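Trainee: Below are the sequence and a predicted model; questions follow.
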Amino acid sequence: MLRCIAVDDEAYATRILAAYIEKVPFLTLAGTTTKPLEALMWVQEGRADVVFLDIQMPELTGLQFLKLCGPKCKVILTTAYPEYALEGYEHDVVDYLLKPIAFDRFLRAAQKAYALLTPPAGASAAPALAAPPVSLPPSPNYMFVKGESKNKFQRVAHADILYIEGLKNYVSIYLPGQRLVTYQSLRELETQLPQPPFLRVHKSYIVSLNYLRLIDDNTLTIGQETIVVGETYREAFFKIIRER
């Protein structure tokens, strides 16, 4: 059993990691914190085998944390910024998880840590023991989207989403009679949605096939809105439409 702590300056992120840790039979949650200095103290006290560590934190960055904790534990980085991946691996981290983190991706990282920390007894030169198989739980039929303040999130059922429009660093999520604007990229949301019924049809649009009422050549009608299928997405889109 590997003792894990989750460190992120956003409490919501630590709750997600804690829920993931509790689903995996070979992991146990040793603690969560939004204060990296507190987490560093826990590591120095020997309370953790694995640390799930955010990079962008105001008190102490994840990379600074890595330099201070040294080889006392294994670290899995979690961040929304892919540009830190190379520097993280230079510090010999186990894995690098890009937010939003899907459970199957989290599980693969946990299995890497298990293999590194659980060698077979009496066979130090042998390959590390494979992590025990874990069944993936069914994907949730909802997601949480960021609100106008740092720690505000709104639950949105997948079944209620008509389509999503990308607006640079923001997206507009269109629901029946409602429009939500959230500070996320269209690419981030695309990874959280089941495909199908959700399909990327344009660099700026994801649509739900459940609400698609008319296809006229390359033009889609959802409610009162018309959306053009981008050239890059046409072949994949019409292949799925023909199969359904």
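Mentor: Nice, I can see it.
Trainee: Quick check: what element follows the helix or strand of the chain with the lowest mean pLDDT along the chain?
Mentor: One helix or strand of the chain scores below all others by mean pLDDT, DSSP states H and E: helix 85-90, with a mean of 50. Next along the chain after helix 85-90, taking DSSP states H and E as the criterion, comes strand 95-98.
Trainee: what's the offset of that following strand from the middle of its chain?
Mentor: The gap between where strand 95-98 is centred and where its chain is centred comes out at 9 Å by CA atoms, centre = their mean, to the nearest Å.
Trainee: helices or strands next to it in the packing?
Mentor: Secondary-structure packing of strand 95-98 (3 or more CB pairs under 8 Å, 6 or more residues apart in numbering; DSSP states H and E): strand 74-79, helix 85-90, helix 103-117. Yep, even glycine has a C-beta here, placed from its N, CA and C like the rest.
Trainee: which helices and strands sit right next to the longest one?
Mentor: Packed against helix 103-117 by the contact rule (3+ CB pairs under 8 Å, 6+ apart) you find strand 2-7, helix 11-23, strand 50-54, strand 74-79, strand 95-98.
Trainee: Now tabulate the ones you listed in TSV and tack on distance to residue 116.
Mentor: As requested, those are arranged in TSV below (distance: least, CB to CB, whole Å):
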stretch	distance to residue 116
strand 2-7	10
helix 11-23	17
strand 50-54	9
strand 74-79	6
strand 95-98	10
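Trainee: Nearest to residue 168 among those would be which one?
Mentor: Among the helices and strands packed on helix 103-117, strand 95-98 comes nearest to residue 168, with 19.4 Å by CB to CB.
Trainee: Given the closest one, what are its sheet partners and their directions?
Mentor: Strand 95-98 has its sheet partners listed here by DSSP bridges as strand 74-79 (parallel).
Trainee: contacting residues for the most centrally placed residue in the chain?
Mentor: The centroid of the chain falls nearest to residue 101 when counting by CA atoms, centre = their mean (1.4 Å). Shown in contact with residue 101 (CB atoms under 8 Å, 6 or more residues apart in numbering): 16-17, 20, 78.
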